[in-house]
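Asker: Model the following, please.
(one chain, ligands or ions: 1)
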Amino acid sequence: MSEPISDQPERVNQPESVVDVAGLQKSFGDNHVLRGIDFTVDRGTVTVILGPSGSGKTTILRSLNALDIPDAGVIRVGEQTIDFGGTYSKSDVTKYRAQSAMVFQNYNLFPHKTVLENVIEGPVTVQRRTKADAIAEADRLLSSVGLAEKRDQYPHQLSGGQQQRVGIVRAVALHPQVLLFDEPTSALDPELVGDVLKVLKGLAEESWTMVVVTHEIRFAQEVADQVLFVDGGVIVERGGPDEVIAHPAQERTRQFLRRIL
Ligand code: ADP
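Answerer: Down below sits the predicted model:
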């Protein structure tokens, strides 16, 4: 990354946690998907969630952004804590959701808005920042990911990799406490994956706090501070990449890695 993506203040000297999850449970009908998930994400670190398809990874991420509402569990994201097994209001959920920003597998850009309009939508309409301010920052962010000249185009005029970089810029422009990535490269043609992973690495180097669901094991090895291996709705194994990926202790982790490597 030749120039910084964002001007986020240096936060690496503050080792406090940004995300605390305790006792997270979620069922869809009879399907008990999350069966007691506990973890912490320290400020300025990258957590990668690995695990087989259907193990509950996306549901964990969506619970952090209140796109899925947990059945039980106490979760703090940034400055907002909710006890999902207790009582809480709609406005508690709105404040909780505003602590994080999600980057989706399929980009989820507004198809009828230009790239620039996609990026400034949240800052202007939700965060009430001035349009001039939001545009200035959007232009700077777009140029840092090589998309300055695409600002007035529509999503369908962009490649998947370009659309995903817009998706990332849109999340960063919200200045959330934590960035959540749900398999951000899995919809991309193989030759476009590298550019998107490079942007993620740049954000990690700038000490953004990130939680990433991905099957990109090499990326996880290079960038993760913490790896969570999830299977059957529980965290089976956790630790640094040198532990969980290079020297997994659990047979289920070894089996999973053998399958995808
Ligand atoms: P992963 O991300 O590990 O592939 P998910 O969290 O997406 O797993 O899904 C875990 C399980 O929850 C799957 O069995 C999936 O079908 C189910 N599930 C996820 N979202 C919903 C939903 N909105 N309604 C019903 N079932 C769901």
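
Asker: Ser17 reaches Thr45, doesn't it?
Answerer: No - between Ser17 and Thr45 there is no contact under Cβ atoms under 8 Å: 9.3 Å. For every residue, glycine as well, the C-beta is placed using N, CA and C.

Asker: So for these two, which sits in the more crowded spot?
Answerer: The neighbour comparison of Ser17 against Thr45 (other Cβ atoms under 10 Å) goes to Thr45, with 22 against 14.

Asker: Show me the helices in the stretch 51-200 of the chain, by range?
Answerer: Taking DSSP state H, counting those that start in this stretch, the helices of the stretch 51-200 of the chain run over residues 57-64, 90-97, 115-121, 131-144, 160-172, 190-205.

Asker: Figure out which of those is closest to Phe256.
Answerer: helix 57-64 (11.8 Å; Cβ to Cβ).

Asker: From the contact counts, what lies against that closest one?
Answerer: Helix 57-64 sits against strand 17-28, strand 31-42, strand 46-50, strand 72-77, strand 100-103, strand 178-182, strand 210-213, with contacts defined as 3 or more Cβ pairs under 8 Å, 6 or more residues apart in numbering; DSSP states H and E.

Asker: Including mean pLDDT and distance to Glu117, could the ones you listed go into a markdown table?
Answerer: Converted to a markdown table, the helices and strands packed on helix 57-64 look like this (pLDDT from 0 to 100; distance: least, Cβ to Cβ, whole Å):
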| stretch | mean pLDDT | distance to Glu117 |
| --- | --- | --- |
| strand 17-28 | 98 | 29 |
| strand 31-42 | 98 | 31 |
| strand 46-50 | 98 | 30 |
| strand 72-77 | 98 | 27 |
| strand 100-103 | 98 | 17 |
| strand 178-182 | 98 | 21 |
| strand 210-213 | 98 | 25 |
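
Asker: related to what we said a few turns ago, I'd like the helices of the stretch 51-200 of the chain laid out as CSV, including distance to Glu216, mean pLDDT and mean neighbour count.
Answerer: What follows is the helices of the stretch 51-200 of the chain, written out as CSV (distance: least, Cβ to Cβ, whole Å; pLDDT from 0 to 100; neighbours: other Cβ atoms under 10 Å):
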stretch, distance to Glu216, mean pLDDT, mean neighbour count
helix 57-64, 13, 98, 22
helix 90-97, 27, 97, 14
helix 115-121, 25, 98, 23
helix 131-144, 22, 98, 17
helix 160-172, 13, 97, 24
helix 190-205, 6, 95, 18
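
Asker: In JSON lines: these, plus distance to Ile49.
Answerer: What follows is these, written out as JSON lines (distance: least, Cβ to Cβ, whole Å):
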{"stretch": "helix 57-64", "distance to Ile49": "5"}
{"stretch": "helix 90-97", "distance to Ile49": "19"}
{"stretch": "helix 115-121", "distance to Ile49": "26"}
{"stretch": "helix 131-144", "distance to Ile49": "25"}
{"stretch": "helix 160-172", "distance to Ile49": "17"}
{"stretch": "helix 190-205", "distance to Ile49": "14"}
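
Asker: Which among the ones you listed is found nearest to Gln226?
Answerer: helix 190-205 (12.2 Å).

Asker: Please list the outside residues in contact with the closest one.
Answerer: Contact partners of helix 190-205, identified using Cβ atoms under 8 Å, 6 or more residues apart in numbering, comprise 1, 4-6, 46, 144-146, 159-161, 164-165, 168, 172, 179, 181, 184-185, 188, 210, 212, 216, 219, 222-223.

Asker: Please repeat the previous calculation with a cut-off of 7 Å.
Answerer: 1, 5, 46, 145, 159-161, 164-165, 168, 179, 181, 184-185, 188, 210, 212, 216, 219, 223 (Cβ atoms under 7 Å, 6 or more residues apart in numbering).

Asker: List only those of the residues you listed flagged as buried.
Answerer: Taking 16 or more other Cβ atoms under 10 Å as the criterion, what is buried in the contacts of helix 190-205 is 5, 46, 145, 160-161, 164-165, 168, 179, 181, 184-185, 188, 210, 212, 216, 219, 223.

Asker: picking up where we left off before, compare the helices of the stretch 51-200 of the chain and give me the one nearest Tyr107.
Answerer: helix 160-172 (4.4 Å).
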